[in-house]
Structure formats: structure tokens, C-alpha cells
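**Q** what's the 3D shape of this:
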Amino acid sequence: MTGDVDSTFIGMIHKLKQNPTTWKEVCPTGTEKEADSTASNDKERIFVRYVLRNLVKVSRRRTLALCVHLSVPETSAVASKAMMVFVNMLYHRVDMFIDRHPDQLMLCSLYLACSKMKLAPTVGFQKIKDAYMEMNERFYDTSTLNSIFYEVKLSELPSSNAKRGNLVSFYNEVFTPNVRPFWKSFVKGAPRNRVNG
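**A** The predicted structure is shown next:
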């Protein structure tokens with residue numbers, strides 16, 4: 001998701017997040033059946049719910065495809081853990097998606113799941129990056145793929161003034177501290193894994 005904080009979609013998200021009950025109805029936190037049981041005629045809620053649910057569906061498919069491509073043992077369990085991180089990040093820290101490619105957060109979620117399930121360093125950032133680039137070379141040009149890994153916003157400043165770095169720096173400096181409060185609910189007793197670039 002990219003854009004200015006005053007843009008329509010971002011404004012809708014900020015407005016909906018002000019009411020925790022409304023945000024829980026809109027943001028995909030549980031199963032699709034559970035999430036769709038709340039009826040709302042509010043066009044804003046319907047639109048935001050539609051976009052966020054599709055983002056989760058696409059990310060889930062892409063995460064599973066990456067795990068298969070990487071020949072990750074326990075593919076569905078790893079993909080499931082990665083998506084738990086991704087969805088919780090979307091629910092608790094939706095602001096992390098602003099001015100960042102959603103795949104940046106998906107890739108960090110996958111690395112975190114692999115590291116907590118003791119698959120890293122066998123499945124490290126470099127291997128995930130190589131698999132991602134190989135899988136997406138038909139869809140993105142080299143410049144776009146490189147920007148996903150090497151032009152990641154590291155600060156909360158507006159996009160034009162934001163400090164930028166690579167995905168490993170983003171994981172260590174921004175992603176891990178922001179995901180720590182809720183990752184322990186589904187990954188017990190795991191120490192923080194710092195990645196060396």
C-alpha cells in the first residue's frame with residue numbers, strides 16, 4: 001500500500017481503527033466464515049474489508065507458493081505461521097503497510113516463521129530472496145524486484161523524507177520490534193533472531 005496519509009483509503013483505515021469494534025469487523029483476523037458473519041451496509045467498511053481480505057488471500061497464496069518453491073519441510077505449518085504474523089501485523093500495525101510493498105512484510109513474516117521453526121539458516125533471507133526473485137521475474141522487471149529488497153522504507157516519516165534501506169535492515173530495525181508484542185502468542189519462548197546482512 002502506498003500513498004499519502006490524507007489519501008482516501010488510508011483515511012478510511014485511520015477512521016475505522018478509531019473504533020476497535022468496527023476495526024475488528026473490518027480487518028481479517030479470524031477465519032473467512034467468522035469474519036464475513038458481520039453484516040454492514042457502510043460502503044466504507046465494505047470497501048476496506050474487501051481490499052484487506054484480498055490482500056490476505058493473495059499473500060497467503062504467495063507465501064504457500066514460496067514455501068513449496070523453497071521445498072520447506074512442513075510447508076503448510078510454516079505458511080500458516082507466516083500468515084499469522086502477517087495478519088496480526090495487518091490488524092495491530094496496519095500503518096506498517098503504508099509506503100511499503102505488502103510483499104516486504106510477507107517476506108519478513110515468512111523469514112520469522114522459518115527462524116522460529118528452526119529452519120533458518122537453511123531457509124535464510126538470501127534463499128527466500130532468490131526464490132522470490134525467480135518466481136516473480138515474469139511479473140516484475142528487475143528494477144521493481146530490486147526495489148522490494150533494497151529500497152525499503154525504514155522510518156515513519158513521509159515517503160519523500162523517509163530513510164531507506166534493504167529488507168534485512170527493515171526486518172531488524174522496524175519489523176521485529178513491531179511484531180514482538182504479538183508473536184509470542186503463537187511462537188512460545190523463541191529468542192529474537194537478528195539477521196546479518
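**Q** show me what counts as buried in stretch 63-72.
**A** 63-64, 66-67, 70, 72 (16 or more other Cβ atoms under 10 Å). In this view, the C-beta of every residue, glycine as well, is placed from N, C-alpha and C.
**Q** wait, a helix at Thr63?
**A** Yes: assigned with DSSP: H, G, I helix; E, B strand; the rest coil, Thr63 falls within a helix.
**Q** please tell me how far it sits from Asn166.
**A** The gap separating Thr63 from Asn166 is 21 Å, by Cβ to Cβ, to the nearest Å.
**Q** where exactly do the helices run in the protein?
**A** Ranges of helices in the chain, per DSSP state H, are 8-17, 20-26, 32-36, 43-69, 75-92, 102-116, 125-136, 142-150, 167-170, 176-183.
**Q** nearest to Glu156, of the ones you listed?
**A** helix 176-183 (10.5 Å; Cβ to Cβ).
**Q** for the closest one, buried residues please.
**A** 176, 178-179, 182-183.
**Q** and stretch 108-118, by the same measure?
**A** Applying 16+ other Cβ under 10 Å to stretch 108-118 flags 108-117 as buried.
**Q** got TSV for those residues, with pLDDT and distance to Val85 too?
**A** Shown next, in TSV, are the buried residues of stretch 108-118 (pLDDT from 0 to 100; distance: Cβ to Cβ, whole Å):
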residue	pLDDT	distance to Val85
Cys108	96	8
Ser109	95	4
Leu110	95	8
Tyr111	94	10
Leu112	92	6
Ala113	91	6
Cys114	92	11
Ser115	88	11
Lys116	87	9
Met117	88	12
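**Q** ok, those vs Leu52, which is closest?
**A** Ser109 (15.4 Å).
**Q** which ones are touching the closest one?
**A** Contact analysis of Ser109 by Cβ atoms under 8 Å, 6 or more residues apart in numbering lists 63, 82-83, 85-86, 89, 179.
**Q** give me the pLDDT value at Arg61.
**A** For Arg61, the model assigns a pLDDT of 95.
**Q** please state the offset of stretch 102-112 from the chain centre?
**A** Centroid separation between stretch 102-112 and its chain, computed with Cα atoms, centre = their mean, to the nearest Å, is 5 Å.
**Q** got any ranges where the protein has weak pLDDT?
**A** 1-8, 29-41, 157-160, 185-197 (pLDDT under 70).
**Q** what is the neighbour count of Asn19?
**A** Residues near Asn19, counting by other Cβ atoms under 10 Å, number 11.
**Q** state the distance from it to Val174.
**A** With Cβ to Cβ as the criterion, Asn19 and Val174 are 27 Å apart.
**Q** what's the answer for Val58, then?
**A** 22 Å.
**Q** ditto for Tyr140
**A** Tyr140 is 23 Å from Val174, by Cβ to Cβ.
**Q** more neighbours, the two?
**A** Val174 (22 against 16).
**Q** with adjacent residues omitted, what lies nearest to that one?
**A** Leu154 (5.9 Å; Cβ to Cβ, 6 or more residues apart in numbering).
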